[in-house]
Each structure stands twice: as structure tokens, then as C-alpha cells.
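Enquirer: generate coordinates for the sequence data below:
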Amino acid sequence: MRRALRVTLTVVPVGLVTGWLSVGVLGRLAMMLLARLNPAATGVTSDDGFEMGTFTLAGTANLMFAAGTFLGLLSAVLYLLLRPLMTGPGWFRLLSVSLGAGVVVASQVVHPDGVDFTLLRPLWLAVGLFVLIPTLHVAVVSAVSERLLSDDPRRWRELPGWLGWPARGALAVLFVLALIDLVRDVAVLG
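Expert: Just a heads-up that it's a prediction; the model follows:
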């Protein structure tokens, strides 16, 4: 019980701070870049309710703390749940969990029926940024959390094969379905 509390109290703050930075800073920078490249979209309300091309302190704080807190807590909880399923060398664990998260999040964010990805060009940059931000977010949560927990001799307590491999298979199917959905939406938008 003490170990689980220590792991949780390590991962959750890392997720929160990383969420604030990735959504609040990187997300805002991505939006600013896309707004500069698409001046005709200025004033249009985005799918998330923000006015494109307008940057206010209140809007940035809302993005940083509301969305960043949500993403940070969600990623911390999911990381805690997925951690026992991660297998293989460190680079593979980091790559699979972060790229998986990036593709799944992007498949939910990128859609052809909103204004964000129909107005913003180049499309490859808009989509790429919204795959990159959650990928980097989860990579930092994973790398920093594992570094802070590196003194734990039982840090990689994997689930038994009879339980772990079916769960990993389900996650692989989720990744493939999310990737297919993302590619299909980008094809419709392109």
C-alpha cells in the first residue's frame, strides 16, 4: 500500500505540471503558429470555443489550468494503469506509451466536421502538432516518473502473461483503430 501511494504521489504531480506546460505553453504556441499561418481564420470560433488568432491572458490561463489539469490528471491515471502492462526495453516502453497516446488523442481531436482542421493550413502541420503535443506530454510523464521512481527495486512489476498479453493485445487493437480513424479523417480533410 505504501509503495502504491508513493508511485501515485510521484506520477500525479508530474502529470499535472507536464499537462500545464504541454497544453498551456506548447498548445498555445501551436495555436499561435497556426493563427499566423492562417490570418483568414482570425476571429473564427474554434471547435473548443476559443477565438482563433486572439490571445488573452484569461484564455491562456483557462487553457493551461482547465485543459492542462484535465489532461495532466488523465494522463497520470492512465499511466498508472498502463505501467504494469509496459514491457520490453526502456526505449520501447517510452515509445509505445507516448506514441500510442499521441495517436489516440489525435484521433479524437482531428475530425472533418469542425472548423479547426478544415480552415487551418497546412493540414500536415495542424495534424502533426496535435499528434506531437500529447506524444511529448506522455513521453515526459513517463520518463520523469520512471526517473523519480528508479530507486524502487520492484519498479517493473508486470502483470502475469495470462493477463498482461490479452490486455496488451486490446491496447494494440485500440491503437490500430485510432490510427485508422486518424488517417481516414486526414484523408477526408486533405
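Enquirer: got a list of contacts for stretch 72-84?
Expert: Here stretch 72-84 makes contact (Cβ atoms under 8 Å, 6 or more residues apart in numbering) with 7-8, 11-12, 14-20, 23, 97, 101, 137-138, 141-142, 145, 157-159, 164, 171. Any C-beta I mention is one placed from the backbone N, CA and C, and that applies to glycine too.
Enquirer: give the buried subset of those as a ChimeraX selection command.
Expert: Restricted to buried positions by 16 or more other Cβ atoms under 10 Å, the ChimeraX selection for the contacts of stretch 72-84 reads:
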select :7,11,12,14,15,16,18,19,20,23,97,101,137,138,141,142,145,171
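Enquirer: quick check: mean pLDDT of stretch 9-19?
Expert: In this model, stretch 9-19 has a mean pLDDT of 93.
Enquirer: and the contacts of that stretch?
Expert: 67-77, 79-80, 137, 140-141, 144-145, 148-149.
Enquirer: just the CA atoms of it, as PDB, please.
Expert: Extracted as PDB, the C-alpha positions of stretch 9-19 are listed here (Å, rounded to 0.1, in the frame of the first residue of the first chain):
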ATOM      1  CA  LEU A   9       2.200  10.800  -5.300                       C
ATOM      2  CA  THR A  10       5.100  10.800  -7.800                       C
ATOM      3  CA  VAL A  11       3.200  10.400 -11.000                       C
ATOM      4  CA  VAL A  12       0.200  12.700 -10.400                       C
ATOM      5  CA  PRO A  13       2.300  15.900  -9.800                       C
ATOM      6  CA  VAL A  14       4.400  15.000 -12.800                       C
ATOM      7  CA  GLY A  15       1.300  14.600 -14.900                       C
ATOM      8  CA  LEU A  16      -0.200  17.900 -13.700                       C
ATOM      9  CA  VAL A  17       2.900  20.000 -14.200                       C
ATOM     10  CA  THR A  18       3.500  18.400 -17.600                       C
ATOM     11  CA  GLY A  19      -0.100  19.000 -18.500                       C
END
